[in-house]
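Engineer: the following comprises the amino acid sequence and a computationally predicted model.
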Amino acid sequence: MQRRLEHRVAQAGPCSKFTHEGGAEVPPPLPEPAEFATDIKELAPYAKPVEERAKATEARRKLAGLGA
């Protein structure tokens, strides 16, 4: 089980190194600002469809009387 988890975390990419508690070991080095900016630019196109789906889901829930 542990090996599968480690494999999945390794496949998840660099973000997993910073978002999962690693215990007592030394934390990984942070990326350089330019590398971080590049990652953000690469991820930006994925944000719009996610936001659109969230808005559509919220609208459907409101129509169904499930919205808060």
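Structural biologist: In hand now; what should we look at? Nothing here was measured: the structure is a model prediction, and the numbers come from that model.

Engineer: helix or strand with the lowest mean pLDDT in this structure?
Structural biologist: helix 2-12 (a mean of 55; mean pLDDT, DSSP states H and E).

Engineer: next up, phi/psi of residue 28, please.
Structural biologist: phi -70, psi 160 (degrees, to the nearest 10).

Engineer: ok, it - how many residues close by?
Structural biologist: Neighbours of residue 28 under the rule other Cβ atoms under 10 Å: 11. Quick note: C-beta positions are derived from backbone N, CA and C, even for glycine.

Engineer: also residue 63?
Structural biologist: Neighbour tally, residue 63, other Cβ under 10 Å: 9.

Engineer: do the same with residue 61
Structural biologist: Count around residue 61 with other Cβ under 10 Å applied: 12.

Engineer: that one sits in which helix or strand?
Structural biologist: Using DSSP states H and E, residue 61 sits in helix 33-63.

Engineer: do residue 31 as well
Structural biologist: Applying DSSP H and E, one finds residue 31 in no helix or strand.

Engineer: so it makes contact with residue 39?
Structural biologist: Yes. Residue 31 is within contact range of residue 39, at 7.3 Å (criterion: Cβ atoms under 8 Å).
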